[in-house]
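> structure here, sequence nowhere to be found:
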């Protein structure tokens, strides 16, 4: 299991590994009890942990940075069900740049709970290169062949639409 496959599912507690995705949902495996089930995207929405950002006083940071700061800290983690003041005091020591006016107490509780789940599952917290944005792609880097292939694919579709049957024009009949 890797960090880039971890998702949070609305309406379901805990974290899940995205095993497979389909057009109408995804197959997820719980990190806590290892149960696998299908989750419909009509009812639930998926949030990859790599895509979640946390508000700070300056720029937003990725959730993994907060997890790494929690892991590197000497402070003991509070229980996820602890009082809001205790959890807020913990984050003020661990990650003081967090914007506590915009980050809700429920979000801080989730971060503590998720960090515990990831630690128990033994998942290494790191971003993939794509999520970090280290890959800078410019127009010069992309081969011209891909652009031509895309143009060829779109041209037949346009031609197929235009070559349909001619429209019939109905005019009202004259009555004598």
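Ah, there it is. Computed from a predicted structure; not experimentally measured. Numbers count the residues shown, from 1 in each chain.
> low-confidence ranges in this protein?
Filtered on pLDDT under 70, the chain yields the residue ranges 129-169, 171, 176.
> walk me through the domains of it.
3-48, 53-129 (automatic domain parsing).
> so which of the ones you listed comes closest to residue 175?
Using CB to CB as the criterion, the shortest distance between residue 175 and the domains of the chain is 53.8 Å, found for domain 3-48. Yep, even glycine has a C-beta here, placed from its N, CA and C like the rest.
> and that closest one, how far out from the chain middle?
Mean C-alpha position of domain 3-48 versus that of the full chain (CA atoms, centre = their mean, to the nearest Å) differs by 11 Å.
> can you pull out the helices in this protein?
Applying DSSP state H to the chain gives helices spanning 63-72, 84-94, 105-121, 129-132, 144-162.
> just give the nearest non-adjacent residue to residue 77, would you?
What sits nearest to residue 77 in space, not counting adjacent residues and going by CB to CB, 6 or more residues apart in numbering, is residue 112, at 6.1 Å.
> geometric centre of the protein: which residue is closest?
Per CA atoms, centre = their mean, the C-alpha nearest to the average position across the chain is that of residue 48, at 2.9 Å.
> that one reaches residue 3, doesn't it?
No. The pair residue 48 / residue 3 is not scored as a contact, 9.5 Å apart, by CB atoms under 8 Å.
> please name the residues that touch the residue nearest to the centre of the chain.
Residue 48 makes contact with 4, 6-7, 18 under the criterion CB atoms under 8 Å, 6 or more residues apart in numbering.
> re the thing from before, in CSV: the domains of the chain, plus distance to residue 170.
Compiled in CSV, these are given as follows (distance: least, CB to CB, whole Å):
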stretch, distance to residue 170
domain 3-48, 40
domain 53-129, 58
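> distance of residue 102 from residue 57?
Distance of residue 102 to residue 57, given as CB to CB, to the nearest Å: 10 Å.
> ok, residue 29 next?
Distance check for residue 29 against residue 57: by CB to CB, it reads 37 Å.
> higher neighbour count, these two?
Neighbours per residue (other CB atoms under 10 Å) separate residue 29 from residue 57, with residue 29 holding more: 16 against 11.
> on that earlier part again, beta-bridge partners for the residue nearest to the centre of the chain, please?
Beta bridges link residue 48 to residue 7 when assigned by DSSP bridges.
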